[in-house]
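S.K.: Have a look at this prediction, sequence included:
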Amino acid sequence: MADSPRTTDVRAMVVQAHGGPDTLTAHDVHLKAPGPGQVLVRLAAAGVNFVDIYMRRGLKPGPLPFTPGLEGAGVVEAVGPGVSNVQPGDRVAYAQQIGAYAEATLVPADSLIPLPDDVPFEQGAAFPLQGMTAHYLIHEFRKPSEGDVVLVHAAAGGVGLFLVQWARHLGARVIGTVSTQEKAQAVREAGAHDVILYTEQDFAEETLRLTDGHGADLIIDGVAATTFAGNLKAAALRGHIVIFGAASGPAEPISPNVLMERSLSLSGGDLWHFMETRKEMLHRAGAVMEGIEHGWLTPRISRVLPLADAAEAHRLLENRKTIGKILLATGD
């Protein structure tokens, strides 16, 4: 049964115009009562992701003004008409619904992931988007087999650390690229066999050296502009390159015929397209939580900042000053 209609005023970080981090400013936002199929979630934590930066810059289209943040965790406060899968008081997490940089937000009930009592809200906000992204990247294109070489770019990032752990769990030989020794240590601790400092080494040449000329059977790349050309050299014969982001900008175009030279496969992915149904979303979320429960998968939380410091969170992420996940504490 739905709650009685009511309205809620919350503090939120709002982007009024596209631009730098300082475009994120605090405002009081008026939330209507949940409509049909909607739920009001009182948030405890929100995940900060590079896609939030793309949206803030205007690289992903959307109306202004808006409250960023595509994932969060908290407690259901009210439900709208027709909602039966959750009720007030339920602990939940979610991803791919905008508006998490706020004390509370309205989201579709079908987007919610049940959060067990023993999973802290911070961990609940840290795993959905990046954990489910890692799941589809590992499973949907070329699932690594025992002994395959997997090259993960930006391996010390949130998605990168999930990928390193997952590929290692499947028996792959994992190589990660990072920018600093501190990040290299974190990636080794996550299970990488080898780590390449791309600031000091040519990652393509080093990948070939480390594998005695074989190269990487699977390359997972969220960097794009500064890495893509090297991927074509680092890939093994009949290797597979997957692009899922553009942290350094879009990659330069190539002729498809270039792929013939090493019989390479090239794919692109977006999490939206790999959780089109609630069943698929819960499958991916469940796989991540199972890995966490069994201990071979651990979300690494780098920083937890107050909601008002969202601009600083963006600066840290943009300048690659984080290892793993950065969160905003949205509750009291």
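M.R.: Structure's in. What do you need?
S.K.: helices and strands around the helix or strand of the chain with the lowest mean pLDDT, which ones?
M.R.: Every helix and strand in the chain was compared by mean pLDDT, DSSP states H and E; the lowest is helix 50-57, with a mean of 93. With contacts taken as 3 or more C-beta pairs under 8 Å, 6 or more residues apart in numbering; DSSP states H and E, helix 50-57 sits against helix 310-318. All C-beta atoms are positioned from the backbone trio N, CA, C, and that covers glycine.
S.K.: how does the protein divide into domains?
M.R.: Per automatic domain parsing, the structural domains of the chain span 8-127+299-329, 131-272.
S.K.: could the ones you listed go into TSV alongside mean neighbour count and distance to Lys279?
M.R.: TSV is the format used below for the domains of the chain (neighbours: other C-beta atoms under 10 Å; distance: least, C-beta to C-beta, whole Å):
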stretch	mean neighbour count	distance to Lys279
domain 8-127+299-329	19	10
domain 131-272	20	13
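S.K.: Out of those domains, which gets nearest to Met289?
M.R.: Set against Met289 and scored by C-beta to C-beta, the domains of the chain come closest in domain 8-127+299-329, at 7.3 Å.
S.K.: quick one: Val51 from Asp217, how far?
M.R.: 27 Å (C-beta to C-beta, to the nearest Å).
S.K.: and if you look at Glu189?
M.R.: Taking C-beta to C-beta, one finds Glu189 at 24 Å from Asp217.
S.K.: Kindly report the same for Asp22.
M.R.: 43 Å.
S.K.: which residues in this structure form helices?
M.R.: Per DSSP state H, the chain carries helices over the ranges 50-57, 121-126, 128-139, 158-169, 181-190, 203-210, 228-234, 278-294, 310-318.
S.K.: Distance to Leu40 added to those, as a markdown table?
M.R.: Shown next, in a markdown table, are these (distance: least, C-beta to C-beta, whole Å):
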| stretch | distance to Leu40 |
| --- | --- |
| helix 50-57 | 22 |
| helix 121-126 | 16 |
| helix 128-139 | 18 |
| helix 158-169 | 27 |
| helix 181-190 | 36 |
| helix 203-210 | 46 |
| helix 228-234 | 42 |
| helix 278-294 | 19 |
| helix 310-318 | 21 |
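S.K.: Among these, which comes closest to Leu31?
M.R.: Using C-beta to C-beta, the nearest of those to Leu31 is helix 310-318, at 18.3 Å.
S.K.: Tabulate the CA atom coordinates of that closest one in PDB.
M.R.: Presented in PDB, the C-alpha positions along helix 310-318 are these (Å, rounded to 0.1, in the frame of the first residue of the first chain):
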ATOM      1  CA  ALA A 310      30.900  17.400  -4.100                       C
ATOM      2  CA  ALA A 311      33.000  19.900  -6.100                       C
ATOM      3  CA  GLU A 312      36.200  18.700  -4.300                       C
ATOM      4  CA  ALA A 313      35.200  15.100  -4.900                       C
ATOM      5  CA  HIS A 314      35.000  15.900  -8.600                       C
ATOM      6  CA  ARG A 315      38.400  17.600  -8.500                       C
ATOM      7  CA  LEU A 316      40.000  14.600  -6.900                       C
ATOM      8  CA  LEU A 317      38.500  12.200  -9.400                       C
ATOM      9  CA  GLU A 318      39.400  14.400 -12.400                       C
END
